[in-house]
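>>> Fold the following, please.
(2 chains)
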Amino acid sequence: MAASTSREPQDVPLPPSPPYAHGKIGKFRKAFNEKGKGKETSGGQRKRSAAGKPSATSNIHPIYEDDPPLDWISLTDSPPSKTPPILTQDGSYYFALVGSSVQIFATYTGQLVSTLSAPASITGPSDMTSVVLNPQNIFQIITGSLDGIVRIWDYLDATLIRTLDIAQPIHHICTHGKHQEFIFVTVSRPSKPTKKPSEDASSVLRISLKAMDASAPPAAQRPLDIISLGKIRYPTGLAVSPSGNWLVATAGHKAYVANLLNIKSGFTKYVSPDRISCLTFHPVEDYFATGDVKGNIRLWYCLNEPTTFKVAGLEKKTQTASFHWHAHAVSSLAFTSNGSYLLSGGEESVLVIWQLHSGKKEFIPRLGAPIQTISVTKTLRGGEEYLLGLTDATFVFVSASALKISRSYSRVKLFPSDNTSSSLKSVPLAVHPSSSTFILPSSHASSIQMFSLTSSKIVSELEIFASNRVSRREELPIEPSRVEHTVVSASGDWMASIDARAPNEDFQGEVYMKIWHWEQKTSLWTLNTRIDRPHGLHKVLALSFSPRPQDGQESYLVTTGGDGAVKTWRLRSDREKNREGEGFWTARSSFTFPSEIPSHVSWSPDGSLLAVTSGAYVSLYDALTNIHRTTFTSPECSHACTAQFIGRGRFLAIQGKQELVVWDIVSRSVRWSYTSSYPIYNVVTHPENDSFVILTSAAPGRSRVHTFSPSLSKPSKTTYLPFTLLNAIWYSSKPTSSLSLAGITNDWRFVLVGDDVKAPEKEGTSATGIKSRSLPQRRTLFQDIFGKSIFDQPLADDSSAATLHRPAASVDKTVFDVPAHLAPPLESLFDSIMMGFLKQRPIEQDYPTEEASGDDDVSMEVDNPEPVVPSRSTKVDAKEITSLVAVFQMHSLQTHAPKTPKVNGVVKVNGIHSKPSSTPSRAPQSTKSKPSRQVDVVSPLFTEPSPSPTVNGIGKKRKKALDYF
Amino acid sequence: MDYQPVIGKVHPRPSSSKSTSEARYWRQFKHPVFVKEYAPVTSVHFSPAKPHRYAVTAATRVQLYAPRTQKVTKTISRFKDIARSGYIRADGKLLVAGDDTGLIQVFDINSRAILRTFDSHKQPVHVTKFSLLSPTQVLSCSDDTTVKIWDVPSQSCVTTFTSHTDYVRSGQSSTSSPHLYLTGSYDATVRLFDSRSGQCEMVMSPAGDSAGGNVPVEQVLMFPSGTVAVSSAGPILRVWDLVSGGRCVRALSNHQKTVTALAFDSTASRLLTGGLDQMVKVYDVSTYKVVHTMRYPAPVLCLAVSPDETHIAAGMTDGTLSVRRRNPKASEAQSNASLAAAVLRSGTFETFLGGSLPAIGQGTVKGKGKAVPIGDVNEFRIESRRVKRLKGYDKLLKSFKYSAALDSVLRKQVPPTTTFALIQELIHRDGLRIALAGRDDVLLEPVLRLLVKHVTDYRFGEMVCDVAGLVIHMYTPILGQSPLIDTLFLRLRKKVQAELRFQKDIRRTEGALDMIFSVVASTSLPLR
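This next block holds a predicted model:
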């Protein structure tokens, strides 16, 4: 059928000066792609070693020849393509283009099933731009990419069948059942040899799918014949009419119509008042719809006009019907399959559904991010769904009958890459150890997302500043409130965030400090305290929680601001309520520097000292009394940026612009200093031992990583990275001495950097056949009433998720810090310490598969003697035997002795399931946090979207079931 | 993702006296009625018996007022000189008063007839009071330094205390013993006399305090328990423990000038003091902290609280009598009634039954609430969930009608927090300019009124400045076309100028204080 894509509306230049503007943007885009080529992982998840790097980069910067590259992986996908995802014939899978690969998702679960990646060529993989189903065989797809290669894939077996080289960058492909041997493409014409091929000079080609020489090696086949249909400029869409008689290409201000029955006749041009941004054909009749940059939607009925005087190349105007609601450019259009409704979407994040015969419209507003693509799918039950691709790489399914969002799937939501300029300074990034999640910026500037590394999923999204996301009114975007900092306390119970709205010429800005409490039960952050303007109207420059408090010590939060004040905040518990966790944060103390602005503050590891960096000085204060202890200045470092304690806190690393000075705090003397030849932009210290890392920006977009220890003034290791990091933290999965950093790069990717980074294994990131996979079962009416049968229940294969959210066992090592003669006797220590090292066996822990799918309750209630999980060989030790004996004795004394189900070697006491509230991602909206919104990300563990079982309902059901025992 | 309604910001309130429950209670004494007399009002006394009429002594007469109407019901003008200390007996039937010639007269209130006359003081008598526990005796304190106890039936002086060495200007019979009398004199002492011995049994003076040693005692007041007394000397209030031999427990100084009046509320849980600094302060007697302050138009000479705690009467030097009245709540009256019932029953047989028969013979009233049907245990009850309705301005904002939304919160009854929260939301949406645009003088007027009203409010001042800047920028071309708008703009300017002056003064004061503090800090620090 007709495939239409809208190519980056912003890439298409403004009317007055098209060639110049376009050339610039095109060039920029090219450069970006080239950069991405070397490193960008197609799936975003595979480990990339820089060893196989193209040599081009090292030619530019020869200094890197000495430095070994550092391993890194990016956990964010490349931005989603603007091509609408296409669906298989039965609608159970959809294909989305991501970078240089096609990702295949299951429609029902939203899970990534398979990834078809283009094989790396000499120039590296280049972006795919279009994907269509093969008209000859519906189990094959045809993709086109910017390096001019058409590939035909069998997606069931995940094999590449044929490769055709056109040698011109392909932008759009469309096919039709009537022209089975051919595909129609728009390609960029190679214009002058000096200029890079860009989109402005393009042509439409008809290409035969047959190879010229069938016996040639499959890597580089030439198509049998190529016929040029005509030349166009700035193509934005290409489609074939349902009858197969007409080919329409939209480009610039014009729609080009060609009669496929008479190919030689060339294009008839029709002029639109505004630049056309997208194109789609009516599924039955011979007319098409275009959207333009001004938000108008036009229906063109010009195809079957009497062609009395048809002169090739003549521009014509014609009667159109137009609909106008969109204030900004229409980014995607789609007809429903019966052709009576038209869907349109754009930057407003509103899906508009037009009833064509009446012109009435309905809206689905507040989708969360601008709509990029729209496609219409069929559900298994015969209904219709709209699949919307948003700019933050989220796919949203909208049910056509209810006109509501039925489900949405997202992986790491992409950061706002478009408006980085104003927010380059501070990017929120933190690690929450007790849930083992990263706290990352989300697609909207005022929200953050929690990314779990173990499950490689977004666990939840948190709107720090709840706002209505209204689209811009003028050319300038509306300045949102941005999350600038997030820090998590050492205990993991508290998170502090700073969100600020920059002032403009008319209005003052806003600054809020919000402190969130981690609810262990619901695994959500709830707002505890909001402090308006913690430092007046000035920016908050740094904030930091005190390290893990010793016994009897309060935990503090310290902030520094542009008003020159250093403020400490403390938790004030409400005595009257006297409940655990009740309390709020209040200001504790404040002291100011008269002339200097404290730009950075850090705590000593024992929480007794504060190092405040202001101007050229670093001052140490007693944290409890705010008494000034000492000041460090040195001629080497004229402007101190940060000061951080190293290791146990004997040494202080002061970072200047290009200098690094390490002070010995005990002797108050400079231990050593180091001058880098490039500006230092970050110093990251190891949380456990005394090594630390400095990052220098050798060249724009390149950085060197030096590993230091306080004993040596020379870096013990120097490596390089092909990007700079806006923010970096030491993410130590295990307390080894090896480097493990997590950071956000200058082009807003979330990366893990380290000596031995391992990407979390994830299903579907490689090419796998989907034929063998059983299709998700269709729900029967029986199942709707009685729940799922236990016999066709899938095996629990997600044992790795059981480790999720387990609080790290903490060993109190402070016992060993005291001298030996003061330490308690070893006998008394042994038990407590060994218990700390040994993890308690989670007796009550259920398996997440049982927990997560809401329909499985029935099966859980059945007292099933057979283990559901395949039993693994586990050794039963004496302790467990005794506990088993105790259990059996206890139960045999009673009149009815229920069988104790033994699942995976763990004794499960009859009827005890862990509480439903411990389910990680099925938490209800927290009632406490009024101004916050915790967006639940639907986890793909849900095999089917159950109608509406709320968590409360589950709890009730379960309780009732227990009564039947 | 749902629509986010506009939430008004909650501003922290300074913990002033305005918000405490105490202040709210005392603030209920509203509607001050001012009655003008010819001369300073020297004494106000409420009748302990209902209806609590009060005797006001001013110039040569004593007048009785009805508490409901605040009108004079009786006037007693049988004195040749300035009358002092009109005092009604506990049964509300007799009144005693003295005058500056030293004459003391006892009147029947109803007939205003002179029943008894005590004429033995040589100097003005400032205090004449019936004894609280022996109603047939009268205490009188005179400027001739003597304190006398009179027997009313026999019209004779029972006892004379002569220990004071200066004018005796205050006195009271003890509330616990009919023989004890507490007096305060200008010789700076407070004395406790016993009529049985005829001697001064206790002398209370700020001993050893050279500064406070010679300050005359203006007022004394004894707690109903009879163990603690309060006296005022100059601006200083002292609390004496009578049980431990007249030890000064507390000394308070909250007034700027001499404290001239002391009074308890009906339960003696609060102490009211009135002073020449025109203030009446309320103390919590458990902590002796000032919990409320009332301001009066003239120096206060005398103060009284009605026994049912509905009236506060204060007499002032300029001859004004101020009566503040409070409407007691219905529940209060009821609780009083039940209390009265309990008092009635005390000592009867029912009280010995304890709480088992709480309301015997009282009759019960059933609650009006509907009976809740108790269903099957396994019945699944569907909770009706209330859908939160959006407010009017939220609906308008949702449909992007910015101007109408702004109009809807510019009405009078909308709290300013809501108004400014909506303005903030408009700023977030980049829509304030649209909401403000295209207004004529009628529509612009509420905007400007809002700005004028809140430009000095610490909560909204900054936002008002931003909005005002925008309004001025947008509407400068139409200045001079509408007199209404012009005056509003001028008022805005005037208010801003006044505020700026005020801020400048505050800064100046702050600087001066800083200097003083730093000087003190540097001199008081030990030099190293």
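>>> Please, where are all the helices along the stretch 1-150 of chain A?
A:18-39, A:56-60 (DSSP state H, counting those that start in this stretch).
>>> Now the longest one: average pLDDT?
Per-region confidence: helix A:18-39 scores 37 on mean pLDDT.
>>> before we move on, what about the last one?
The predicted model gives helix A:56-60 an average pLDDT of 37.
>>> Let me know how buried the residue of chain A found nearest chain B is, in neighbour terms.
Distance from chain B to each residue of chain A (Cβ to the nearest Cβ) is smallest for residue A:366, at 4.3 Å. To be clear about C-beta, it is placed using only N, CA and C from the backbone, and glycine gets the same treatment. Using other Cβ atoms under 10 Å in any protein chain shown, the number of residues around residue A:366 comes to 16.
>>> try residue A:713
Neighbour count for residue A:713, taken as other Cβ under 10 Å: 13.
>>> Verify the contact between it and residue A:675 for me.
No. Applying Cβ atoms under 8 Å as the test, residue A:713 and residue A:675 come out as separate, 10.3 Å apart.
>>> now the strands for the stretch 101-250 of chain B?
B:103-108, B:114-119, B:125-130, B:137-142, B:147-151, B:156-161, B:168-173, B:180-185, B:190-194, B:199-204, B:217-222, B:228-233, B:236-241, B:247-252 (DSSP state E, counting those that start in this stretch).
>>> for the stretch 451-600 of chain A, same thing?
Under DSSP E, counting those that start in this stretch, the stretch 451-600 of chain A gives strands at A:457-463, A:482-488, A:494-501, A:510-519, A:524-532, A:534-537, A:540-545, A:556-561, A:565-572, A:584-592, A:598-603.
>>> Tell me how the chain divides into domains.
By default, I'm working from chain A. If you go by automatic domain parsing, the domain ranges for chain A are A:19-56, A:118-233, A:236-324, A:690-760, A:876-892+A:927-965.
>>> wrong one, I was asking about chain B
According to automatic domain parsing, chain B comprises the domains B:21-325, B:392-522.
>>> Figure out which of those domains is closest to chain A.
domain B:392-522 (4.7 Å).
>>> Endpoints of that closest one, how far apart?
From its first residue to its last, domain B:392-522 covers 60 Å (Cα to Cα, to the nearest Å).
>>> quick check: mean pLDDT across that domain?
Mean pLDDT, domain B:392-522: 92.
>>> just how off-centre is that domain within its chain?
Centroid displacement of domain B:392-522 relative to its chain, using Cα atoms, centre = their mean, to the nearest Å, is 35 Å.
>>> which residues of the stretch 151-300 of chain B score low on pLDDT?
B:207-213 (pLDDT under 70).
>>> Residues of it that sit close to chain A?
For the stretch 151-300 of chain B, the contact set with chain A under Cβ under 8 Å from any Cβ of the partner chain is empty.
>>> before we move on, back to that, tabulate the strands of the stretch 101-250 of chain B (a markdown table), appending distance to residue A:440 and mean neighbour count.
Output for the strands of the stretch 101-250 of chain B, formatted as a markdown table (distance: least, Cβ to Cβ, whole Å; neighbours: other Cβ atoms under 10 Å in any protein chain shown):
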| stretch | distance to residue A:440 | mean neighbour count |
| --- | --- | --- |
| strand B:103-108 | 90 | 20 |
| strand B:114-119 | 94 | 15 |
| strand B:125-130 | 81 | 24 |
| strand B:137-142 | 84 | 26 |
| strand B:147-151 | 86 | 21 |
| strand B:156-161 | 88 | 16 |
| strand B:168-173 | 77 | 25 |
| strand B:180-185 | 76 | 26 |
| strand B:190-194 | 75 | 24 |
| strand B:199-204 | 75 | 17 |
| strand B:217-222 | 70 | 24 |
| strand B:228-233 | 67 | 24 |
| strand B:236-241 | 64 | 21 |
| strand B:247-252 | 61 | 15 |
